[in-house]
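Engineer: Fold the following, please.
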Amino acid sequence: MILISKYLVPKGYTGLTIFPFVFLRSRQLIKHAVLINHEKIHLKQQLEMLIIPFYLIYGIEFLVRLCQYKEWDLAYRNISFEREAYANELNLVYLKHRPFWAFLKYFFIKHIE
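Structural biologist: Residues are numbered from 1 along each chain as shown. Predicted structure coming up:
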């Protein structure tokens, strides 16, 4: 379910996924297929991780990446869940053939610098 809320989406971001909702900063973004696909990838990740463990691992990995890169945006973009979503957001059929726990391969490939 897609909801519009400029208050829940952090400044500097266009969307936020908290299972089972996708929050977008503005109504116009509903038509942005790539953004919606990116957020749907996060819905799939959250569901297969049984939701709460997803948020715990996401938060821990963000803190590790922040210590590693010492820059907020670089740390965020190197979280394995975000790397999977960014790498596949242009492939609008990705979720139809996505392997279970596909984000795991993004733990082991070279990080974005």
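
Engineer: Now the least confident helix or strand in the chain by mean pLDDT - C-alpha only, CSV.
Structural biologist: Lowest on mean pLDDT, DSSP states H and E among the helices and strands of the chain sits helix 105-108, with a mean of 87. Only the C-alpha atoms of helix 105-108 are listed here, as CSV (Å, rounded to 0.1, in the frame of the first residue of the first chain):
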residue,chain,number,x,y,z
LYS,A,105,25.4,-11.5,-2.5
TYR,A,106,25.7,-7.8,-1.9
PHE,A,107,27.5,-8.5,1.4
PHE,A,108,30.3,-10.1,-0.5
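
Engineer: just checking, what packs against the helix ranked longest in the chain?
Structural biologist: Counting by DSSP state H, the longest helix found in the chain is helix 52-69. Helix 52-69 sits against helix 33-48, helix 72-77, helix 80-88, with contacts defined as 3 or more Cβ pairs under 8 Å, 6 or more residues apart in numbering; DSSP states H and E. For the C-beta atoms, the positions are set from N, CA and C on the backbone; glycine is no exception.

Engineer: Report the mean confidence score over the shortest one.
Structural biologist: Model confidence over helix 72-77 averages 95 on the pLDDT scale.

Engineer: In that helix, which residues are buried?
Structural biologist: Neighbour-count burial for helix 72-77 flags 75, 77 (criterion: 16 or more other Cβ atoms under 10 Å).

Engineer: what packs against it?
Structural biologist: If you count contacts as 3+ Cβ pairs under 8 Å, 6+ apart, helix 72-77 packs onto helix 52-69, helix 80-88.
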